[in-house]
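Novice: following is a predicted model, sequence given first.
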Amino acid sequence: MKYFSLIWASLFRKKTRTILTLLSIVVAFMLFGLLQAVNQAFNGGADAADADRMITNSKYSIIDMLPISYQRQIESVPGVKAVAFASWFGGSYQDKPARFAVFPVVPDEYLTIAPELQVSQETRAAWNATRTGAVVGEALAQEMHWKVGDKVPLQADIWPQKGGSLTWTFDIVGTYHNTKDKANGDSALLFRYDYFDEARQFGKGTIGWFLVKVDDRLNAERVGKAIDSQFGNSAHATKTQTEQAFAQGFAKQFGDIALIVSAILGAVFFTILVLTGNTMSQSLRERIPELGILKTLGFSNRAVWWLVMLESLLLAMLGATLGLLLATSAIGAMKETLSGFGITRVGWQVAAEGLFFAFLLGVLVGLAPALKAMRLKIVDALNA
Amino acid sequence: MEALVAIRNLVKTYQRGPETIEVLHGINLDIPKDDFVCLMGPSGSGKTTLLNLIGGLDSPTAGQIQFDGSRIDQMGSSRLTDWRAHHIGFVFQSYNLLPMLTALNNVELPLLLTKLSSVQRRRNAEIALQLVGLQDRAKHKPSELSGGQLQRVAIARAIVSDPQLLVCDEPTGDLDRKSADEILSLLTQLNREHGKSIIMVTHDPKAAEYAKRIVRLDKGTLVADPA
């Protein structure tokens, strides 16, 4: 700590140059935080997925509906433990596209197959007793200031009602808490399938996808093939895959997000490495007599090496910290737009990863100047 | 008088490409404790080289340098660095202060190598600045000080860790006459009142008058040593 003021003063010896270099590092790590948050959101579904839970959807398009009658056939496949289903409702809330998922489901079946959605007995009973009842994620309820007893109207964009009305009204009967996907799992509205199927204008007796729980995850592939072979020659052929594979496949519809993010960040970090390395080298060249003085006063070669290295690390870590904080603020400021994509924050893993890269940057950039400083001969340095 | 520095048959050579250049040819010199020695000679005579060797900034090619009984010519690099921090204070012609630090922080620099607390370091640095008459300029950076003030700060830095010997290389070279006299008076005061031994290189005969004795070097050889 006693050397901190010396290191800080050395770092800001040329204020303008240091601030500009620092800004470039801040921007790089802000970009890192934002892009990694996007990457995590798109691939996060894969992380939260269960290996013993599969999704059966239409083979040809994710938006094609499947007959509800498939449920009984799927249940009869050896290795299948339980089957539930859901559909994509979409819709708008208060004249804006709903930023949360809305699924019509059969309450008991769905909650059995997704035990991570914790619902109290009272809520479950109220849901079963209320045809227009809906259960919402805790985080969603907090964000929207919804409470039990509220009536929530949604404007349908896919499913008009029999009379032509686009307005579907749901009665909030309780909340659920997702114990598995803590980041994004409390953000859906679930309502009753019977209400949906009876009131909708078209598509009766169809659903979006089946959720299939297998008795042993090692049997998943075999069970998936058996399910698909049942419907292979029908008008609604199916594709069954693990939840994880489904989530990854869904994300890949937007392109290989991870690859795109890595390519962008790779280019950015290479540029920063060169820029910061140049700054440190230039700074060292200007300070050779000063380093000679430090050695004259009794600073050892190793001490001088540490001073230069710590200066480089301070620059990198300071820039990274500010950049990651800015990324967090930016996501917070754009919460309304981004949360619909599941982008809610810069997670601690992303922050840790960012700080690690900053440390690596500091080491790489500081190594050569530190070695040069260490090897300086006092007499030559003083005469420089 | 007991010698603080005892030099015997000191030789220093440099390699310049294929050529070996001998800068000092078998120097023998004693510097007693409390002495104020002025080293004079034409350019290229080896004054700065001899000063660097006495100060432990360089190592001799041959010969002995004994400082208060210790053979510094036999010390390795890190031991020599440590020895220098405890025994020698340096004053240079161009002051060599760190421009981004205040006067007080510059003076405090050598104390960072000690185990003193931050409060004690600050206090000692303030005392050193008081001794050179610059206590009211403690928070100023070098760019805000005159030449004479800069050299005073450099002297304060040189004495803050209480060294036995001050090594001064043309300390008044960049100063006007008035400032030069002030600095030389300060060095005299440090020698007479605080017991600091001083070896000073200068081209200025007026500066040499402040010393107790003058040693002349010419072409790497001592011309006279009236010790």
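Specialist: Yep, that arrived.

Novice: wait, a strand at residue A:240?
Specialist: Yes. The assignment for residue A:240 is a strand, going by DSSP: H, G, I helix; E, B strand; the rest coil.

Novice: beta partners for it?
Specialist: With DSSP bridges applied, the residues forming beta bridges to residue A:240 are residue A:56.

Novice: can I assume it is in contact with residue A:228?
Specialist: Yes. With contacts counted by Cβ atoms under 8 Å, residue A:240 reaches residue A:228, the gap being 5.2 Å. Heads up, the C-betas are built off the backbone N, CA and C, glycines and all.

Novice: what residues are up against whichever residue of chain B sits closest to chain A?
Specialist: Ranked by Cβ to the nearest Cβ, the top residue of chain B for proximity to chain A is residue B:85, at 2.5 Å. With contacts taken as Cβ atoms under 8 Å, 6 or more residues apart in numbering or on different chains, residue B:85 has the following neighbours: A:297-298, B:110, B:113, B:161.

Novice: let's see it at 10 Å
Specialist: The contact partners of residue B:85, taken as Cβ atoms under 10 Å, 6 or more residues apart in numbering or on different chains, are A:296-300, B:56, B:110-111, B:113-114, B:161, B:163.

Novice: and for residue B:10?
Specialist: For residue B:10, the contacting residues are B:24-29, B:46, B:49-50, B:53-54, B:60-65, B:73, B:220, B:222, taking Cβ under 10 Å, 6+ apart as the criterion.

Novice: and for residue A:357?
Specialist: Taking Cβ under 10 Å, 6+ apart as the test, what residue A:357 contacts is A:28-29, A:32, A:265, A:269, A:272, A:316, A:320.

Novice: pLDDT check: weakest of the residues you listed?
Specialist: Among those, residue A:265 carries the weakest pLDDT, at 86.

Novice: identify the residue spatially nearest to that one, adjacent ones excluded.
Specialist: Computed as Cβ to Cβ, 6 or more residues apart in numbering or on different chains, the closest residue to residue A:265 that is not its neighbour in sequence is residue A:32, at 5.8 Å.

Novice: if you count contacts, what does the strand or helix carrying the one you found end up packed against?
Specialist: With elements delineated by DSSP states H and E, residue A:32 resides in helix A:15-48, which encompasses its position. Secondary-structure packing of helix A:15-48 (3 or more Cβ pairs under 10 Å, 6 or more residues apart in numbering or on different chains; DSSP states H and E): helix A:4-11, helix A:243-252, helix A:257-286, helix A:301-333, helix A:335-338, helix A:348-375.

Novice: dump these to TSV, plus distance to residue A:165.
Specialist: Output for the helices and strands packed on helix A:15-48, formatted as TSV (distance: least, Cβ to Cβ, whole Å):
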stretch	distance to residue A:165
helix A:4-11	66
helix A:243-252	31
helix A:257-286	38
helix A:301-333	36
helix A:335-338	27
helix A:348-375	44
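
Novice: out of those helices, which gets the lowest mean score?
Specialist: Here the helices and strands packed on helix A:15-48 differ in mean pLDDT, and the lowest is helix A:335-338 at a mean of 62.

Novice: so what does the helix or strand hosting residue B:66 touch, helix or strand wise?
Specialist: Secondary structure here is read from DSSP H and E; on that basis residue B:66 sits in strand B:62-67. Helices and strands in packing contact with strand B:62-67 are listed as strand B:3-16, strand B:19-32, helix B:47-54; criterion 3+ Cβ pairs under 10 Å, 6+ apart.

Novice: ok, now with 8 Å
Specialist: Contact analysis of strand B:62-67 by 3 or more Cβ pairs under 8 Å, 6 or more residues apart in numbering or on different chains; DSSP states H and E lists strand B:3-16 as its packing neighbours.

Novice: longest helix of chain B, counting residues only.
Specialist: Across chain B, the longest stretch assigned as helix under DSSP state H is helix B:177-194.

Novice: between residue A:240 and residue A:228, who's got more neighbours?
Specialist: For residue A:240 and residue A:228, the more surrounded residue by other Cβ atoms under 10 Å in any protein chain shown is residue A:240, and the numbers stand at 27 against 17.

Novice: how close does that one sit to chain B?
Specialist: From residue A:240 over to chain B the distance is 67 Å, taken as Cβ to the nearest Cβ, to the nearest Å.

Novice: which residue does chain A bring closest to chain B?
Specialist: When distances are taken as Cβ to the nearest Cβ, chain A reaches nearest to chain B at residue A:298, 2.5 Å away.

Novice: that residue contacts residue B:84, correct?
Specialist: Yes. Applying Cβ under 8 Å as the test, residue A:298 and residue B:84 come out as touching, 5.5 Å apart.

Novice: residues from chain B in reach of chain A?
Specialist: Remark: the part of chain B in contact with chain A comprises B:52, B:55, B:57-58, B:77-78, B:81-82, B:84-86, B:90, B:92, B:96, B:98-101, B:105, B:109-110, B:112-113, B:118, B:121, B:157, using Cβ under 8 Å from any Cβ of the partner chain.

Novice: give me the subset of the residues you listed lying in helices.
Specialist: B:52, B:77-78, B:81-82, B:84-86, B:105, B:118, B:121, B:157.

Novice: quick one: which of those residues is most hemmed in?
Specialist: Each of these was scored by neighbour count (other Cβ under 10 Å); the top score is that of residue B:157, with 30 neighbours.

Novice: any idea which of the helices and strands packed on helix A:15-48 is most buried?
Specialist: Most buried of the helices and strands packed on helix A:15-48 by mean neighbour count (mean count of other Cβ atoms under 10 Å in any protein chain shown) is helix A:301-333; its value is a mean of 20.

Novice: who are the packing partners of that helix?
Specialist: On a contact count with 3+ Cβ pairs under 8 Å, 6+ apart, helix A:301-333 meets helix A:4-11, helix A:15-48, helix A:257-286, helix A:288-297, helix A:348-375, helix B:77-87.

Novice: residue A:156 is nearest to which of those helices?
Specialist: Taking Cβ to Cβ as the criterion, helix A:15-48 is the member of these that comes nearest to residue A:156, at 24.5 Å.

Novice: what's the ChimeraX syntax to select whichever of the contacts of residue B:10 are buried?
Specialist: Burial among the contacts of residue B:10 is assessed by 16 or more other Cβ atoms under 10 Å in any protein chain shown; the matching ChimeraX selection reads:
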select /B:24,27,29,46,49,50,53,54,60,61,63,65,73,220,222
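
Novice: centroid-nearest residue for chain B?
Specialist: To find the centre residue of chain B, average its C-alpha atoms and take the closest one (Cα atoms, centre = their mean): that gives residue B:167, at 1.3 Å.

Novice: since that was my last question, I'll sign off now.
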